[in-house]
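Participant: Here you go, sequence then predicted model.
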Amino acid sequence: MQIAIDALGGDHAPEAPVVGALQALEAYPDVEVVLVGDPGPIQAALAAHGAAVSDRLSIHDAPESPGSDDPVKAIRRSPKVSARACADLLHAGTVQGVVTMGTTGAAVAAATLYCRRLPGVKRTGIAVPLPTPSGVCICIDGGANPDAKAIHLHQYAVMAMHYATASLGIEKPRIAILSIGEEESKGNRLVAETWELFRANPLPNFIGNIEPHAVFEGGADVIVCDGFTGNIVLKTAEGMAAFVMKGVPAALAAAGIEKDPRSMLRSLMTALDYAQYGGAPLLGVEGAYVIGHGRSGPEAFKNGVRVIRSYIEGNVGDRIVEQLAATNADEALHDKGAGA
């Protein structure tokens, strides 16, 4: 199993991706890693950890970063941009998966422009894992497609349902639409049109609408929304988590509670730690494509490889294609909420 790691992606490159790659190679004997980036710094980081290029570890020369001003323009301009090079390797079949912790815009642009979509998939979506009392739920889309339409949300449900079953072990994932109320009548035009598609093309365990507060209560296993809404949910959750982590110790101290707050919060911090999940798969691409947080350290890269392995071993792509092919949607209804 060959996996490309973007060694220029993230705030701690190339150290974090290099160390994460070494940890993944040790943990998963069936994996080969291609480090994509600037060979000089990559080799220096490998040497600093007593490692070197081997049969299972190679370097692909792509020394350019997309930057943050206009990543799409940078990716179009040069095949030596690391995010584009990773996508090119996946497109060519040289690797079966990609792990990148660079900017989300660059990662999505590279996949959109230079990777193939699975047959029948109209738009890709980022499947973000979010903690719940019993494990995790999947919120899709986390930001790949801000202006989604009803057909996209229905397909997100299909894709995330199979990912949750094959990769996360959720046998019968409950599917919901993120809205402002549980009643079918609550929501905007997108929610109403998505309901029409679910009625015309039922999916198992569709439970209707879910409100934002219920996301973290475990109200559903797969939650679909447009990428604009999903990205706001994700960033709001990150901000609230940071506020709680900073505020609780101070509040305990002010209340005269002497118990070490770090031990009290350790399990919660683990549940909220994005590194534990290894990033979020971009569903709908041929092959496995994982996007992670820019602040990621080595553990997140290693766990990103774990996500790739579970995706491939679970045949998630094939399951998605089979489900979409079997969906007998009314073409007029598709066209009403689809677009190209």
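Facilitator: Alright, I've got the coordinates. Numbers count the residues shown, from 1 in each chain.

Participant: Convert stretch 201-214 to CSV, retaining C-alpha atoms only.
Facilitator: Extracted in CSV, the C-alpha atoms of stretch 201-214 (Å, rounded to 0.1, in the frame of the first residue of the first chain):
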residue,chain,number,x,y,z
ASN,A,201,-34.3,7.9,-2.7
PRO,A,202,-34.5,6.5,0.8
LEU,A,203,-31.4,5.6,2.7
PRO,A,204,-31.4,3.2,5.6
ASN,A,205,-31.6,4.8,9.0
PHE,A,206,-32.4,8.3,7.8
ILE,A,207,-33.8,10.1,10.9
GLY,A,208,-34.6,13.5,9.6
ASN,A,209,-33.2,16.9,10.8
ILE,A,210,-30.8,17.4,13.7
GLU,A,211,-30.1,20.6,15.5
PRO,A,212,-26.5,21.8,16.1
HIS,A,213,-26.5,21.1,19.8
ALA,A,214,-27.3,17.4,19.2
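
Participant: Run the chain-centre distance for that stretch.
Facilitator: 20 Å (Cα atoms, centre = their mean, to the nearest Å).

Participant: contact partners of that stretch?
Facilitator: With Cβ atoms under 8 Å, 6 or more residues apart in numbering as the test, stretch 201-214 has contacts from 154, 157-158, 161, 172-184, 186-187, 191, 198, 219-220, 223, 233, 327-329. Where C-beta positions appear, they are placed from N, C-alpha and C, glycine not excepted.

Participant: run the last query once more with 6 Å
Facilitator: 157, 172, 174-177, 179, 182, 198, 219-220, 223, 327, 329 (Cβ atoms under 6 Å, 6 or more residues apart in numbering).

Participant: what about residue 79, helix or strand, and which?
Facilitator: Assigned by DSSP states H and E, residue 79 belongs to no helix or strand.

Participant: burial of it, as a residue count?
Facilitator: 13 (other Cβ atoms under 10 Å).

Participant: Same question for the one 4 residues further on.
Facilitator: By the other Cβ under 10 Å criterion, the neighbourhood of residue 83 contains 30 residues.

Participant: so how far is residue 291 from it?
Facilitator: 10 Å (Cβ to Cβ, to the nearest Å).

Participant: what's the overlap in contacts for these two?
Facilitator: Listed as contacting both residue 83 and residue 291 by Cβ under 6 Å, 6+ apart are residue 107.

Participant: Same list (the contacts of stretch 201-214) but as JSON lines, adding distance to residue 110, neighbour count and pLDDT.
Facilitator: Shown next, in JSON lines, are those (distance: Cβ to Cβ, whole Å; neighbours: other Cβ atoms under 10 Å; pLDDT from 0 to 100):
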{"residue": "157", "distance to residue 110": "25", "neighbour count": "27", "pLDDT": "97"}
{"residue": "172", "distance to residue 110": "34", "neighbour count": "11", "pLDDT": "93"}
{"residue": "174", "distance to residue 110": "33", "neighbour count": "20", "pLDDT": "97"}
{"residue": "175", "distance to residue 110": "29", "neighbour count": "26", "pLDDT": "97"}
{"residue": "176", "distance to residue 110": "31", "neighbour count": "25", "pLDDT": "97"}
{"residue": "177", "distance to residue 110": "29", "neighbour count": "25", "pLDDT": "97"}
{"residue": "179", "distance to residue 110": "32", "neighbour count": "25", "pLDDT": "96"}
{"residue": "182", "distance to residue 110": "38", "neighbour count": "14", "pLDDT": "90"}
{"residue": "198", "distance to residue 110": "32", "neighbour count": "18", "pLDDT": "94"}
{"residue": "219", "distance to residue 110": "34", "neighbour count": "19", "pLDDT": "93"}
{"residue": "220", "distance to residue 110": "31", "neighbour count": "25", "pLDDT": "96"}
{"residue": "223", "distance to residue 110": "26", "neighbour count": "28", "pLDDT": "97"}
{"residue": "327", "distance to residue 110": "28", "neighbour count": "17", "pLDDT": "76"}
{"residue": "329", "distance to residue 110": "30", "neighbour count": "16", "pLDDT": "46"}
